[in-house]
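Peer 1: Need a 3D model of the following:
(one chain, ligands or ions: 1)
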Amino acid sequence: MASKAEEDQSRPPLQSQSNTASSTTPTRSPPTKKYRADELGVIGKKREIRGPRMVGTTTARARSREAFSVVNSGQDLCPSSAPASNAGSECGGMEFSREDVDALLSERPKSKNKFNYKERCENMQEYIKRLRLCIKWFQELEDSFLQEQERLRNALNYVQQRLDELEVSSQNKEEELSSIIVELRKNLASAQEKLTKEQADKLAAVDSLAKESEGRLNSERLQASLSEDLAKAQQELSSANQRISSINDMYKRLQEYNTSLQQYNCKLQSDLSTASESLKKSEKDKATFLEELSALRGHHNSLKEQFASVKASQDEAMKQKEVLSNEVVCLRGDLQQVRDERDRHRGQVEDLSAEVVKYKEFTGKSCSELDNLTLKSNELETKCLCQSEQIKILQDRLMVAETRLEASDLSALETRAESEERKKLLSELQIRLADAEFKLIEGEKLRKKLHNTILELKGNIRVFCRVRPLLPDESSSEAKVISYPTSMEALGRGIDLVQNGQKYSFTFDKVFMPDSLQEDVFVEISQLVQSALDGYKVCIFAYGQTGSGKTYTMMGRPGHVDEKGLIPRCLEQIFQTKQSLQSQGWKYELQVSMLEIYNESIRDLLPSNRSSTDSTRTENGNAKQYAIKHDASGNTHVSDLTVVDVRSTREVSYLLNHAAHSRSVGKTQMNEHSSRSHFVFTLRISGVNESTEQQVQGILNLIDLAGSERLSKSGSTGDRLKETQAINKSLSSLSDVIFALAKKEEHVPFRNSKLTYLLQPCLGGDSKTLMFVNLSPDPSSAGESLCSLRFAARVNACEIGVPRRQISTRSFDSRLSYG
Ligand SMILES: Nc1ncnc2c1ncn2[C@@H]1O[C@H](COP(=O)(O)OP(=O)(O)OP(=O)(O)O)[C@@H](O)[C@H]1O
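Peer 2: You can find the predicted model right below:
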């Protein structure tokens, strides 16, 4: 409605003036030419203008003619002769035809007197007035035509629009119709097909009806023979039934066998758990034995010390006794001497007293002599008294000495009894010690056996997964992509990874979460290290994308003692065990070699023994070509490789530092210091037990593989690209080898890369292999982590053989082979 109103408004005024004609299609056509005033040169000429072409409608034309006849009435052209009506137009409603215009233009001024200029002037003015009127009429007409043109253009646009819409809708309808037609045609075709089929079926049915009737006859004929066959078949059926029942019996037996197998499996599982429990118990026992042993040893030593001190004090007492007996003998001598002297003096006193009596009787002697004699006798008496006192003293001393002697005799007897007791205890303790040592050896043997049984039951290739913590420069705001299931069966063994909204679950022998310490990880592999000492080939390698923590796991963080990696910890354990096994008669020799495989070539990472030559060059200056060779007994040798005898962890730490400095590192988009090579640390262990004459040869290979990321992610170009291609080639060879072994294929492609060829004896089935799959928790690494987890899961599903211990009682070459 609004558009209609607008349309009405935009309609040119002409239309409303001349609404006698059609409102949409004006029949009047605009003048084809505008006339200038000078073109209207015929001024004041009275002429009726007629012509075939008319301007305006019939009524308008009639009106214009009327008006023109007024203009050209031949009357005086005066200002008063202006158009009668001016309503709606300045021309006073006058209209002009072409003829009128031509007449007006060809009009010549009429004047009676050629020289009456006033009259001529007036005529001229009148003529000009009329000309102006005509021009104005033309201008108005032109305006109205322009408006009409505008209105028509709008109408045209509107119509065009409608037309377009109609066209679109008709196209849609046409399409609809054509699709309906196609559908109908299809239906028709299928209906025709059905019809033909039905007809064919009908023909076939007619045929088959004929055949059936024929067949019925035949079947009736056959029926007789079939009844015979039926009898036979029934017989066969009964025999088949018998067979079925026997098969059922067999099936039952098989089921029973299956259940017994399952039971056996359960029993194996329970054996495994009891074995591991008894292993733990035997380890505990071992620890208590060791404690007891050391306590007994301490007791033994203290008893020995006590015995020595008692012996020393006994010797001392004997010495004292000897001294005292000597003293007693002396004292007895002295006493005897004093007694003899006393007796002598007594005799003298008696003699003198007798003499005194004689003198008194025979008074022949003087008084002074008598006095002298009395004095002498008194002197002698006093001397005698004093000697008696001395004798008494000596007798007292003698008695004391004798009591001391008795006491020391008694204590000597006591010490002797005590020492006898101690001797007895010592021999008892020695017997217990020997018993404990025997039990210890037996326990150690049992532990080894149980440990190996457990490993065999678990399969000799195992996979541990380790997720490192987020690094400070990694964003922790993004949603976590790695989680750890908490169900009983997956606790500590399961890991879930979410990528592109999809969750992938994996289970391994062990999963270490980001907060796991280096020590926690080591505890889990320490049994494997023990196996190397027991004479097995052990191979532990770390696999994962660049920056996922392989080097951290194997080597640790340099300068942080708490964060030592597996390699230094393994060596500490080996040196400690070597020390403790010495008491059981074991003596070990250890040799270390370290190499890297960079761009498919081997580099020695240890300083050469021949100091004059560079370790990477031969004596004539050429780069060394390290050749890998396997001998008939399955051992591997690398020609020219430096092998160093080591006796302490310090020596090994020095060598490890040297190797770490020599290792090829580079920078990738993933890690500032990326290890661009595979690092292989090899420890050869040779042990001899002097008491049992046993010999063992173990190998411990610890490998830090180069990063496994895809080319696109590493962002490598040039030399880095070459490196990455070489790394990827060797890693894919490693997976090919593992999978070929798992499938027990005849050909295992060990020779496809230096890494697999070098590790052939360790991968080839009779070794114990452990793979660490290292992961980064960064959400941007989810894709790489998924690839690593998939590879690890496939490895985990493999069984590559039964580990074999290298033990002998023969003498062997002191220089051990590589593997
Ligand atoms: N368990 C962890 N705890 C703490 N920091 C770790 C741990 N694992 C790795 N890191 C740190 O992550 C960074 C990358 O680790 P690392 O260099 O060991 O990775 P990588 O896998 O050996 O890389 P590349 O293949 O490039 O050699 C190092 O800064 C390291 O200290």
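Peer 1: use CA for all of it now, contacts and neighbours both
Peer 2: Fine.
Peer 1: Which helix or strand contains Ser653?
Peer 2: helix 649-662 (DSSP states H and E).
Peer 1: scratch that, Ile574
Peer 2: Using DSSP H and E, Ile574 falls in helix 566-581.
Peer 1: Mind checking the pLDDT average for that helix?
Peer 2: Helix 566-581 comes out with an average pLDDT of 92.
Peer 1: could we number from 50 for the rest of this?
Peer 2: Understood, numbering begins at 50; the last thing we discussed is helix 615-630.
Peer 1: Provide a list of residues in contact with whichever residue of the stretch 750-868 of the chain sits closest to the ligand.
Peer 2: Closest contact between the stretch 750-868 of the chain and the ligand, by CA to the nearest ligand atom, is at Gly756 (3.7 Å). By CA atoms under 8 Å, 6 or more residues apart in numbering, the contact set of Gly756 is 592-596, 723-725, 776.
Peer 1: hmm, 6 Å instead?
Peer 2: Taking CA atoms under 6 Å, 6 or more residues apart in numbering, we find Gly756 in contact with 593-595.
Peer 1: Could you give me the buried positions within the helix holding Ile623?
Peer 2: Neighbour-count burial for helix 615-630 flags 615-621, 623-624, 627 (criterion: 16 or more other CA atoms under 10 Å).
Peer 1: now for that helix, which elements pack on it?
Peer 2: Contacts defined by 3 or more CA pairs under 6 Å, 6 or more residues apart in numbering; DSSP states H and E place helix 615-630 against no helix or strand at all.
Peer 1: what does the chain put close to the ligand?
Peer 2: 517-518, 563, 594-601, 606, 720, 723-724, 755-756 (CA under 6 Å from any ligand atom).
Peer 1: before we move on, the earlier item: and the residue of the stretch 750-868 of the chain closest to the ligand, helix, strand or coil?
Peer 2: coil (DSSP: H, G, I helix; E, B strand; the rest coil).
Peer 1: Give the closest residue to it in space, chain neighbours not counted.
Peer 2: Once flanking residues are discounted, Gly756 sits nearest to Thr595: 4.1 Å by CA to CA, 6 or more residues apart in numbering.
Peer 1: what's the distance between that neighbour and Lys409?
Peer 2: As judged by CA to CA, to the nearest Å, Thr595 and Lys409 stand 139 Å apart.
Peer 1: The two: which has the busier surroundings?
Peer 2: Using other CA atoms under 10 Å as the criterion, Thr595 and Lys409 rank with Thr595 on top: 29 against 14.
Peer 1: hang on, the more buried one in a helix?
Peer 2: No - with three-state DSSP as the criterion, Thr595 is coil rather than part of a helix.
Peer 1: Phi, psi for it please.
Peer 2: Phi and psi for Thr595, reported as degrees, to the nearest 10, are phi -60, psi 130.
Peer 1: ok, now how distant is it from Glu305?
Peer 2: From Thr595 across to Glu305, the span is 53 Å (CA to CA).
Peer 1: Tell me how many other residues crowd Leu478.
Peer 2: Look at Leu478: counted by other CA under 10 Å, it has 17 neighbours.
Peer 1: Kindly report the same for the one 3 residues further on.
Peer 2: By other CA under 10 Å, the residues close to Arg481 number 15.
Peer 1: Name the SS class of it, please.
Peer 2: Of the three states, Arg481 takes helix under three-state DSSP.
Peer 1: confidence score at the closest residue to Ser580 other than its chain neighbours?
Peer 2: Using CA to CA, 6+ apart and skipping residues adjacent in sequence, the residue nearest Ser580 is Val587, 7.3 Å away. The model reports Val587 with a pLDDT of 89.
Peer 1: Given the host helix or strand of Val587, what are its sheet partners and their directions?
Peer 2: Taking DSSP H and E as the criterion, Val587 maps to strand 586-593. Partner strands for strand 586-593, per DSSP bridges, with pairing direction: strand 743-753 (parallel), strand 817-824 (parallel).
Peer 1: want to throw those into a markdown table with mean pLDDT and mean neighbour count?
Peer 2: What follows is these, written out as a markdown table (pLDDT from 0 to 100; neighbours: other CA atoms under 10 Å):
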| stretch | mean pLDDT | mean neighbour count |
| --- | --- | --- |
| strand 743-753 | 90 | 24 |
| strand 817-824 | 92 | 25 |
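Peer 1: Tell me which of these approaches Asn203 most closely.
Peer 2: strand 817-824 (73.2 Å; CA to CA).
Peer 1: Please work out how many residues are found near Lys260.
Peer 2: Neighbours around Lys260, by other CA under 10 Å: 14.
Peer 1: before we move on, back to that, the residue nearest to Ser580 and Gln746, how far apart?
Peer 2: For Val587, the distance to Gln746 equals 11 Å [CA to CA].
Peer 1: next one: Gln196
Peer 2: Separation of Gln196 from Gln746 (CA to CA): 114 Å.
Peer 1: for Gln157, helix, strand, or coil?
Peer 2: Let me fix one detail, which is that residue 157 is Arg and not Gln. From three-state DSSP, the assignment for Arg157 is coil.
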